Each structure stands twice: as structure tokens, then as C-alpha cells.
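S.K.: Quick one: sequence plus predicted model below, questions after.
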Amino acid sequence: MVAIPRIVIAGTHSGTGKTTVASGLMAALRTQGFRVAPFKVGPDFIDPSYHTLAAGRQGRNLDAFLSGPEMIGPLFAHGAHGADIAIVEGVMGLFDGKSGGGELASTAHVAKLLDAPVVLVVDARAMARSVAAMLHGYSTFDPQLKVSGVVLNRVGSSVHEKMLRDALRPLNIPVLGVLRRDDAIQTPDRHLGLVPAAERREEARRSLDALGTVVSSSLNLDGIVNLALSAGPLEAEPWNPESAALDLPGSVRVAVATGTSFSFLYRENLESLEAAGAEVAFFDPTTDERLPAGTDALYLGGGFPETYAEALSANVAMRESVRVFAESGRPVVAECGGLLYLV
């Protein structure tokens with residue numbers, strides 16, 4: 001049983017501004033002294049990179065498809081240990097899951113597994129009274145879900161804001177914030193979503209600081225915290241990295257690719273290795289010339305090696321180091337972009 005105040009930031013669809021609201025909220029609450037535990041629904045590595053910078057604490061994933069619904073509570077309890085509040089950013093639209101006909105792995109599914117209230121982010125551009133019909137639909141579609149507040153994003157003016165608030169008043173769902181259209185708080189994106197924070201760390205840090213300031217003045221932080229406090233105790237035991245039961249032969253050093261080209265890693269995988277007694281040694285295939293000394297196993301995760309293909313290709317010394325290691329018969333795990341690098 002864990003008692004962590006928690007809230008889910010959801011959207012009507014992709015591109016509504018969930019990451020803007022969630023990351024800004026994390027930064028704003030951190031500035032106020034809260035220890036914020038950041039989470040992202042689904043197998044997303046990019047948004048958590050911004051959560052990590054905003055909260056000053058490792059961003060984690062809650063993926064009911066990959067981990068199974070039964071693991072959501074334990075993984076949440078593990079990641080939220082020692083925090084004052086947990087902010088969970090949703091994925092796609094609120095009810096979009098693994099398949100069009102079911103809720104598996106959707107934001108709504110994870111919110112119900114966590115028994116957490118939902119704040120819906122609505123892109124209010126070119127919209128007036130229709131916002132009420134939209135919010136009514138989302139708040140009544142699943143009676144087991146608690147849509148407890150709304151944030152209106154990309155509002156054009158004070159007149160536009162009044163029209164939206166007037167339309168929503170009969171629903172008795174509180175408007176917890178209004179964000180105006182502002183290109184200054186936008187984050188660059190490309191084919192898989194936002195550009196990872198690892199590729200623009202200092203710029204991302206400055207942007208998140210500015211975003212936190214905007215959110216502090218535009219959202220009702222006290223109302224959001226009170227809403228998070230309304231979530232009751234969660235019946236879950238924290239996941240234990242030692243439960244992975246890895247059988248390692250003595251002391252093992254695992255080299256893990258990182259840097260701008262390989263930034264997609266599940267933190268729990270590394271924690272499981274360390275709990276089993278392995279030493280995790282990070283290296284950057286774009287700049288380092290050889291694998292860490294004493295490497296016993298190699299882990300190449302995902303990322304954007306295609307974006308840094310020239311630098312990776314030019315680093316002949318590292319490529320040769322990896323080739324010799326692989327040909328020696330020692331363990332190599334490669335996934336996603338890591339597999340492309342080996343090819």
C-alpha cells in the first residue's frame with residue numbers, strides 16, 4: 001500500500017500540448033520545493049527525457065502492454081518512492097490504446113490502474129462552445145474514469161478564454177489553467193515526436209525553466225495539488241529490481257551505449273543489472289574510441305543513430321572495438337537503433 005498524491009495529464013489527441021503542460025507542471029512544482037516523480041504512459045523514451053530535466057528525477061515509463069497491467073502499480077510505487085507528488089503524462093488521446101476496440105495500455109487504462117484523477121488538456125484553437133461538447137464526451141465515456149479538471153491550451157485572447165469558460169461552466173468540471181498561444185514555449189520535433197533532450201540539453205533546460213514560469217502563472221497549482229491529494233492509497237507493493245532474478249557469473253561489467261545517438265533506455269533494465277551485481281559502464285559511440293576497459297557484455301539500446309550516422313561511421317576506432325568484441329563471442333544485446341548500428 002502506497003500513499004502518493006498523483007495526477008494524470010491526458011489529451012484529447014496527440015499534439016494537444018500534454019508534454020508542455022506535464023513538463024511545465026513538473027518544473028513549476030519542483031521550483032516550489034516539491035519532490036516530483038515523473039512518468040509517461042507507454043513505450044516513450046523522448047518525453048521522459050524532458051521530464052527528467054524538469055523534475056530533476058528520472059523519468060519512467062508505465063506501459064501496460066509491455067509490462068502487463070499487473071505491473072503498473074508496482075512500477076509506479078518503485079518510481080515514486082520518496083516523492084511528494086507524481087505527475088503521469090498520457091499517450092496519444094485519452095482512450096487510445098493498443099487497438100482501436102479496447103483500452104489496453106491507453107492513458108485511461110493506466111489512470112484507472114493507478115486510481116488517479118485525470119486532467120484533460122484541450123487544444124482550444126478555433127473552438128468556442130464546442131469545447132463543452134468535447135469535454136462532456138470525454139468525461140462521461142467511461143464512468144469508471146475520473147476526469148476531474150481541464151487545461152485549455154492555445155487560447156487566442158481574453159475574449160476567447162471567456163467564451164470557453166462560459167461554455168464549460170454547466171459541466172462543473174474545473175478549469176485548472178489556460179495557456180495562450182506562444183511559440184516561445186514550443187519544442188522542436190521530428191519523425192518520432194520531440195527532439196530528445198539529450199540532443200539539446202542546455203537549450204531544453206532553459207526552455208523548461210521558462211515553461212515552468214509560464215505554467216506557474218497560468219495554471220492553478222494549488223488546485224492541481226489538491227486534486228492529486230484526493231487520490232487514495234494505492235494497493236501495490238513497489239517493484240524490486242532484485243526480483244528480476246538475474247543469474248550473473250560473478251562480477252560482470254556491462255557497457256551501455258548512451259549519448260546523443262543512443263538515448264532510449266529503460267531505467268529498470270539498468271537497475272536490474274546493478275541489483276544482480278553487474279557494473280554498468282556508459283560510453284558514447286560517437287566520441288569514445290573504444291569500449292570501456294574490462295567490458296564483459298555490450299548493450300546497444302535505441303535512439304537516433306541515423307541522425308548521427310556520419311559521426312558514428314567516422315569513429316572507425318569504436319566500430320572496430322565493437323566488431324572485435326562481438327566476434328569474440330561475448331554477449332551483445334542490440335535493439336532498435338542499436339541493431340542498425342551493428343548492421
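M.R.: It's in.
S.K.: So for the helix or strand containing residue 86, mean pLDDT?
M.R.: If you go by DSSP states H and E, residue 86 is part of strand 85-89. The average pLDDT for strand 85-89 rounds to 98.
S.K.: tell me what the following helix or strand past it is packed against?
M.R.: Counting by DSSP H and E, the next helix or strand C-terminal to strand 85-89 is helix 107-114. With contacts defined as 3 or more CB pairs under 8 Å, 6 or more residues apart in numbering; DSSP states H and E, helix 107-114 has these neighbours: strand 6-11, helix 72-79, strand 85-89, strand 118-123. C-betas here are computed from N, CA, C, even on glycine.
S.K.: nearest to residue 37, of those?
M.R.: Smallest distance to residue 37 across these (CB to CB): 4.3 Å, for strand 85-89.
S.K.: what angle separates the closest one from helix 72-79?
M.R.: 130 degrees (axes from the mean of the first three to the mean of the last three CA atoms, to 10 degrees).
S.K.: I figured residue 14 hits residue 92, correct?
M.R.: Yes. At 5.0 Å, residue 14 counts as touching residue 92 under the criterion of CB atoms under 8 Å.
S.K.: And the two? Which one has more around it.
M.R.: Neighbour comparison, residue 14 and residue 92: the larger count goes to residue 92, with 19 against 11 (by other CB atoms under 10 Å).
S.K.: on that earlier part again, and residue 258, which of the helices and strands packed on helix 107-114 is closest to it?
M.R.: Nearest of those (CB to CB): helix 72-79, 20.0 Å.
S.K.: Return the list of helices and strands in contact with the closest one.
M.R.: strand 36-41, strand 60-62, strand 85-89, helix 107-114.
S.K.: so can I have CSV of these showing mean neighbour count and distance to residue 268?
M.R.: What follows is the helices and strands packed on helix 72-79, written out as CSV (neighbours: other CB atoms under 10 Å; distance: least, CB to CB, whole Å):
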stretch, mean neighbour count, distance to residue 268
strand 36-41, 27, 12
strand 60-62, 24, 8
strand 85-89, 27, 16
helix 107-114, 24, 16
